[in-house]
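Asker: let me see the structure of the following:
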Amino acid sequence: MNRRKVVVTGIGTVNPIGNSAEESWKAIEEGRHGIGRISRFDVSEFSVKLAGEVKDLDFAGKFGKKEERTCDLFTQYALYAAEEAYSMSGLGISKENPDERAGVIISSGIGGIGLTEKEHDRGLEKGFERINPHYIPMTIANMAAASVAIRYGFKGMCSCPVTACAGGSNAIGDAFHRIRDGYEDVMICGGTEGAVSPIALGGFASMRALSKTEDPDRASIPFDAERSGFVMGEGAGILILEEEEHARSRGARILAEVAGYGANCDAYHVTAPDPEGEGGRRCMELAISDAGIKAEDIDYINAHGTSTHLNDAGETKAIKKVFGEHARKLKVSSTKSMTGHLLGGAGGVEAVFCVQALSHRFIPPTVGYKVPDPECDLDYVPVKGISADLNYVLSNSLGFGGHNACLIFKKV
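Answerer: A predicted model of the protein is given here:
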């Protein structure tokens, strides 16, 4: 089979450190996180009080009040980020000029969980046949992908992988293979999540997955010996992928190449990762093989790095197994130290950051890192990012259920 080259021509993001790719990257360069006390609902009775919330997003100003009323947060975030990526790409596809060889794959791990909570309360109070008539299409996880496809006239494959924290990376990897293997020429892809809600916070807190510290600077601290759980985040990261000749023929600015993708499963436990990192190891090896490169070609890893004990220790082991002596030369960091964990949106946002790392020649830091952990003994780029000439960067996403996804991006 003839494998076509796939390139990135647009990026967009909404997340706790910025409402655009440029604003977010400035925060990364300055080493600023977006974690603070939850403002959306009263957390005085919760043991967990911090999250990474999206701030000051004027969705209605861009899309209208009707669209705001009929879109859940996760869809709003996806539409907002997709608009930035689409505008950057310069594509001419639209409702008036649709394209059957342009598709959409956007993941969400939980969909409209917050709205489900609200409408359930309304149903108990007024009767369940008097809940919001838009409830179903607002909350189902595929609706972000569908809404983006409808807005831009993308009539190719439209899908929503639901693979927990690996979903955003699975969406990008699946879109990459669809173009590479000739099924589509253009894909909008990534991940989105808007799940900072009482029931989601309570659910993760009850399983002791979240940090309970009230100090925002010591909450999301991946690979630090004092890490105590992840911090919930929200937002979206969206990429425009194109077949290389399709992009060049219209004079598009190419930001990076998608070089490799791996996906597999630990088949170990519903929430805990394999403590030896075997699933993550195999997934990285699959991506490296898919890219047709050597492990030593990787310059930087944007780690899954959730700030939980099991993930960070297991991911460190996996990196050591894949890269051997080269692991000591690698730069590894977790941008979740700044954004928190966006669940199904994480892989999309982190892919945006990987593309920016290549184009800006800058490695994002792991902010807040202070106390070394003997189990986590790689170079995690603490506190401040560094300038570097990068050729290949790798992004890991490791989700509940043992879902693993790994992406490799190449400088152009």
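Asker: pLDDT weak spots in the protein?
Answerer: Counting by pLDDT under 70, the chain shows low-confidence ranges at 1.
Asker: tell me where this protein has strands.
Answerer: Ranges of strands in the chain, per DSSP state E, are 6-14, 36-37, 50-51, 102-107, 158-159, 186-193, 235-243, 256-265, 300-302, 331-333, 362-363, 386-387, 392-399, 403-410.
Asker: which one of the ones you listed lies nearest to Ser211?
Answerer: Ser211 sits nearest to strand 50-51 of all the strands of the chain, at 7.1 Å, using CB to CB. (C-beta placed from N, C-alpha, C; glycine too.)
Asker: just give the strands next to that closest one in its sheet, each with its orientation.
Answerer: Using DSSP bridges, the strands paired with strand 50-51 are strand 36-37 (antiparallel).
Asker: hang on, Phe204 packs against Ser211?
Answerer: No. Phe204 lies out of contact with Ser211 (CB atoms under 8 Å); the separation is 10.3 Å.
Asker: the two: who's more crowded?
Answerer: More neighbours surround Ser211 than the other of Phe204 and Ser211, with 25 against 19 (other CB atoms under 10 Å).
Asker: so the more buried one sits against Met232, correct?
Answerer: No. Using CB under 8 Å, Ser211 is not in contact with Met232; the gap is 9.7 Å.
Asker: how is the chain divided into domains?
Answerer: 6-249, 261-410 (automatic domain parsing).
Asker: columns distance to Leu255 on top of the ones you listed, output as TSV?
Answerer: Converted to TSV, those look like this (distance: least, CB to CB, whole Å):
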stretch	distance to Leu255
domain 6-249	5
domain 261-410	5
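Asker: re the thing from before, please identify the most buried of the strands of the chain.
Answerer: Mean neighbour count (mean count of other CB atoms under 10 Å) peaks for strand 186-193 among those, with a mean of 35.
Asker: ok now that strand, how far from the chain's centre?
Answerer: Its chain's C-alpha centre and that of strand 186-193 lie 9 Å apart, by CA atoms, centre = their mean, to the nearest Å.
Asker: in its sheet, what does that strand sit against?
Answerer: strand 102-107 (parallel), strand 235-243 (antiparallel).
Asker: angle of the shortest one against strand 403-410?
Answerer: Going back to what we said before, that points to strand 102-107. Counting by axes from the mean of the first three to the mean of the last three CA atoms, to 10 degrees, strand 102-107 lies at 130 degrees to strand 403-410.
Asker: contacts only, for Val231.
Answerer: Shown in contact with Val231 (CB atoms under 8 Å, 6 or more residues apart in numbering): Ile35, Leu50, Ala51, Gly52, Leu210, Ser211, Ala219, Ser220, Ser307, Lys336, Gly340, His341.
Asker: ok, now with 6 Å
Answerer: Ile35, Leu50, Gly52, Ser211, Ala219, Ser220, Gly340 (CB atoms under 6 Å, 6 or more residues apart in numbering).
Asker: from Val349, how far off is it?
Answerer: With distances taken as CB to CB, to the nearest Å, Val231 is found 14 Å from Val349.
Asker: now do Leu378
Answerer: 22 Å.
Asker: who's more crowded, the two?
Answerer: Each of Leu378 and Val349 has its neighbours counted (other CB under 10 Å); Val349 has more, 31 against 20.
Asker: you'd agree the more buried one is up against Asn15?
Answerer: Yes. Applying CB atoms under 6 Å, one finds Val349 in contact with Asn15, separated by 5.1 Å.
Asker: packing partners for the top helix by length along the chain?
Answerer: For the chain, the longest helix by residue count, based on DSSP state H, is helix 73-89. Helix 73-89 sits against strand 6-14, helix 143-152, strand 186-193, strand 235-243, with contacts defined as 3 or more CB pairs under 6 Å, 6 or more residues apart in numbering; DSSP states H and E.
Asker: pipe those into a markdown table and attach distance to Asp121 per row.
Answerer: As requested, these are exported to a markdown table (distance: least, CB to CB, whole Å):
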| stretch | distance to Asp121 |
| --- | --- |
| strand 6-14 | 27 |
| helix 143-152 | 21 |
| strand 186-193 | 22 |
| strand 235-243 | 25 |
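Asker: quick one, which of those gets closest to Cys71.
Answerer: Between these, helix 143-152 lies closest to Cys71; by CB to CB that is 6.6 Å.
Asker: quick check: buried residues in that closest one?
Answerer: Met143, Ala144, Ala145, Ala146, Ser147, Val148, Ala149, Arg151, Tyr152 (16 or more other CB atoms under 10 Å).
Asker: as CSV, these with distance to His403 would be great.
Answerer: CSV is the format used below for those (distance: CB to CB, whole Å):
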residue, distance to His403
Met143, 21
Ala144, 19
Ala145, 18
Ala146, 22
Ser147, 24
Val148, 23
Ala149, 24
Arg151, 28
Tyr152, 28
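Asker: and which of these is nearest to Ala291?
Answerer: Ala145 (25.9 Å).
Asker: what sits against the closest one?
Answerer: Going by CB under 6 Å, 6+ apart, the list of residues near Ala145 reads Val104, Ile106, Cys158, Cys160.
Asker: hang on, the earlier thing: and the strands paired with strand 186-193 as CSV, adding distance to His134?
Answerer: Output for those, formatted as CSV (distance: least, CB to CB, whole Å):
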stretch, distance to His134
strand 102-107, 19
strand 235-243, 20
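Asker: quick one, which of the ones you listed is nearest to Glu45?
Answerer: That would be, of those and by CB to CB, strand 235-243, which comes in at 26.0 Å.
Asker: what angle sits between that closest one and helix 143-152?
Answerer: Put simply, strand 235-243 runs at 50 degrees to helix 143-152, going by the same axes, to 10 degrees.
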